[in-house]
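K.L.:
got a predicted model here, sequence first, then my questions.
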Amino acid sequence: MGSISIALVDDHPLLLAGVVNLFEVNGDFTVVAKGATADDALQINKKLRPDVMVLDLFMPGNVFDVITEIVTKSGGTKVVAFTAMTASDYAVRALNAGASGYILKGSSAEELIQGVRAAHNGETYITPSFACKVVEALRIASLRRMSAGPIKLSIREEQIVRLLLRGFTNREIAVGLGIGEKTVKNYMTILMQKLHARNRLEVLIAAQKLEVGGQREPMSRH
């Protein structure tokens, strides 16, 4: 298995240099680029499509919009927010924008590396000491959004939900729909946002409550 390509974006030069060194000395990662602004993050992603983008939330540019653009248009790049902000509303905003991780700058080097690995594997990672606070804030935000109106899925999202309900894996969904497996993972991220889910299991639970395409699909793979 090859190394995980990673890009690091932060407008604090000394901190950025330290994080770059942390990943460069770890043989599991290859640092392909670094930057200091939200626009840098966009340009790096367009040119290099790293596996994971680690970025600060507070630097020049609209970082939250950039997170969404990277996640929805990159075809697989995961975004991890690495920030000093301990307010749960910032974490909720970042995760709702599409981030796969929210790691506090007071975390250990091991936690940062673990969080990046988790994001690369399609998981959501939050600094453990901060996780309960964020999960509760996400739950409250989810209840508010659910009371605001019905959930609307695109045609492609409905197709993926149907196959999820039949028990298909990401690879099987990709083959069945004639799209790339990374594209399926990207749609899964979007579905988690729309269905207010934190992982694949919660997507399935939420999907079972939806009338996809106006009718239930049979729970069968055949």
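P.N.:
All right, it came through fine.

K.L.:
for the residue nearest to the spatial centre of the chain, what are phi and psi?
P.N.:
Nearest to the geometric centre of the chain sits Ser100, at 2.9 Å (CA atoms, centre = their mean). Backbone geometry at Ser100, expressed as degrees, to the nearest 10, gives phi -100, psi 0.

K.L.:
do you know how far the residue nearest to it when sequence neighbours are not counted is from Gly98?
P.N.:
Take Ser100 and drop its neighbours on the chain: the residue closest to it by CB to CB, 6 or more residues apart in numbering is Ala119, 3.8 Å away. All C-beta atoms are positioned from the backbone trio N, CA, C, and that covers glycine. Here the criterion is CB to CB, to the nearest Å. By it, Ala119 lies 11 Å from Gly98.

K.L.:
and the closest residue to Val19 other than its chain neighbours, how many neighbours?
P.N.:
Nearest residue to Val19 in three dimensions, chain neighbours excluded: Leu8, at 5.5 Å (CB to CB, 6+ apart). Neighbourhood size, Leu8 [other CB atoms under 10 Å]: 28.

K.L.:
residues touching Leu8, list them.
P.N.:
16, 19-20, 23, 31, 33-35, 54-55 (CB atoms under 8 Å, 6 or more residues apart in numbering).

K.L.:
ok, now with 7 Å
P.N.:
Leu8 sits next to 16, 19-20, 31, 34, 54 when contact means CB atoms under 7 Å, 6 or more residues apart in numbering.

K.L.:
show the pLDDT at it.
P.N.:
Looking at Leu8, its pLDDT stands at 97.

K.L.:
could you identify the buried members of the contacts of Leu8?
P.N.:
Applying 16 or more other CB atoms under 10 Å to those, the neighbour count classes 16, 19, 31, 34, 54 as buried.

K.L.:
ok so, going back, any idea how far Gly178 is from the residue nearest to Val19?
P.N.:
From Leu8 to Gly178 the distance is 35 Å (CB to CB).

K.L.:
ok, now Thr124?
P.N.:
For Thr124, the distance to Gly178 - CB to CB - is 28 Å.

K.L.:
name the residue in those two with the higher neighbour count.
P.N.:
Counted by other CB under 10 Å, Thr124 and Gly178 do not tie: Thr124 has more neighbours, with 20 against 6.

K.L.:
and that one, what are its phi and psi?
P.N.:
phi -110, psi 130.

K.L.:
touching, it and Ser100? I think so.
P.N.:
Yes - with contacts counted by CB atoms under 7 Å, Thr124 reaches Ser100, the gap being 5.6 Å.

K.L.:
which residue ranges form the helices in this protein?
P.N.:
Assigned by DSSP state H, the chain shows helices spanning 13-24, 38-48, 63-73, 88-97, 109-120, 128-148, 155-165, 170-177, 181-194, 200-207.

K.L.:
so, low pLDDT: which residues of the chain?
P.N.:
1, 140-150, 209-222 (pLDDT under 70).

K.L.:
please parse it into its domains.
P.N.:
What automatic domain parsing lists as the domains of the chain is 4-141, 150-213.

K.L.:
excluding chain neighbours, what is closest to Val203?
P.N.:
Val203 sits nearest to Ala197 (CB to CB, 6+ apart), 4.5 Å away.
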